[in-house]
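*Asks:* Show me the folded form of this:
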Amino acid sequence: MRIAVYLPLLLSLLAPLVARPLSERCEPRLATWLLTVSTAVLAAASTVSLGLLAVTGLIRIPLLADLGHWSAHAAQRDDPAEPAIALVAGLLLGFAMLAASRVLWRRARSLAAAARQAACMPTPDGLVVVDDDTPDAFALPGLPGRVVVSTGMLHALEEGEHDILLAHERAHLTAHHYLFVAFAGLGAAANPLLRPLARAVGYTVERWADERAAVVTGDRARVARTLGKAALAGHHTPDRTRAPGLALGILGHRSPLKGAGPVPRRVAALLAPPLRRHPGLILATAALLTVAAGATAEAGHDLHLLLEFIGA
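*Replies:* Got it, this is the predicted structure:
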């Protein structure tokens, strides 16, 4: 436990190094899955590690040791973690649980609000056209979801580009991209070191939708042009019409004109050949997650043995 319990926390430091290669070198659908699973596994493993370290501090307290029928003296002698480390771990665990609970509550409320909003938009084909001169287009999750497009966006694009816009937004709904974003955000809330992974998921779901639009229309260059035109038309678009934290749109999550942001990267990716699965990155990600899960399991087993040893 002296080493294994810290491994998930140390592996979380590799998140910035893993996020960019997965998002840019791996096929978007696979990259989204790998990034989301990595965020969830590392968040869970690091949270459990903090919990294990916190327990090593609690069993030193005589009152709590008596409740568990443990020897506080033996725990102080054989405890693998210093009291200061256990205290810090306990505080970090408390903050992590509080942050994750807040994000979960906000996501649940946003999802409910989106479902209510979608239910108030009756339409036979799932497409809702809003009479608004502000160019905007986004997918609104619900039962079923809706694709919301403003008249301003329709006017900004040529008629032949409307099918690309709709294919992109419908890809968000059919693949439930908001769930990937939500799970990644929850993991990043529990472990802030994983925020680069969560941001990468926000990018790869847009790339996933871009690639789906390219498959539907059969013209990657045309999809790239449409994406660029939509970004230029809507870079001043406010989010006032969107359900907070849930609506996914063709414009992405950041301003498209800030340097080499997501939209320029997405356009460049569409103008390049389609990405394929990258076996090396898949194996590296699987190895990292296996080490994190194995280290957490080993640390938990070691703590179990310690509790049995100090049992009164």
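
*Asks:* Mind pulling the model confidence for Leu248?
*Replies:* According to the prediction, Leu248 has pLDDT 77.

*Asks:* err, Ser255, not the other one
*Replies:* Listed pLDDT for Ser255 reads 35.

*Asks:* Return the distance of the closest residue to Leu275 other than its chain neighbours relative to Leu281.
*Replies:* Nearest non-adjacent residue to Leu275, counting by CB to CB, 6 or more residues apart in numbering: Glu27, 4.8 Å away. Quick note: C-beta positions are derived from backbone N, CA and C, even for glycine. Computed as CB to CB, to the nearest Å, the Glu27 to Leu281 distance reads 10 Å.

*Asks:* and what of Val201?
*Replies:* Here Val201 is placed at a distance of 15 Å from Leu281 (CB to CB).

*Asks:* Compare neighbour counts for the two and give me the winner.
*Replies:* Val201 (30 against 17; other CB atoms under 10 Å).

*Asks:* isn't the more buried one right up against Thr36?
*Replies:* Yes - Val201 lies in contact with Thr36 (CB atoms under 8 Å); the separation is 5.6 Å.

*Asks:* which neighbours do those two share?
*Replies:* Residues touching both Val201 and Thr36 (CB atoms under 8 Å, 6 or more residues apart in numbering): 180, 184.

*Asks:* Please tell me the pLDDT value assigned to Thr285.
*Replies:* 89.

*Asks:* Contacts only, for it.
*Replies:* Contact analysis of Thr285 by CB under 8 Å, 6+ apart lists 18, 22, 34, 38.

*Asks:* same thing with Pro16?
*Replies:* Pro196.

*Asks:* Confirm that it sits in a helix.
*Replies:* Yes - assessed by DSSP: H, G, I helix; E, B strand; the rest coil, Pro16 belongs to a helix.

*Asks:* For it, give its distance to Arg277.
*Replies:* For Pro16, the distance to Arg277 equals 23 Å [CB to CB].

*Asks:* Also Ala15?
*Replies:* Shown here: Ala15 relative to Arg277, a distance of 21 Å by CB to CB.

*Asks:* cool, Leu197 as well?
*Replies:* Taken as CB to CB, the span from Leu197 to Arg277 is 19 Å.

*Asks:* So which of the contacts of Thr285 are in helices?
*Replies:* Among the contacts of Thr285, the ones falling in helices (DSSP state H) are 18, 22, 34, 38.

*Asks:* tell me which helix or strand of the chain sits lowest on mean pLDDT?
*Replies:* Every helix and strand in the chain was compared by mean pLDDT, DSSP states H and E; the lowest is helix 72-78, with a mean of 54.

*Asks:* Please tell me I have it right and Ser57 contacts Gly90.
*Replies:* If you look again at residue 57, you'll see it is Gly, not Ser. Yes - counting by CB under 8 Å, Gly90 is a contact partner of Gly57 at 6.1 Å.

*Asks:* Fine by me, we can end here.
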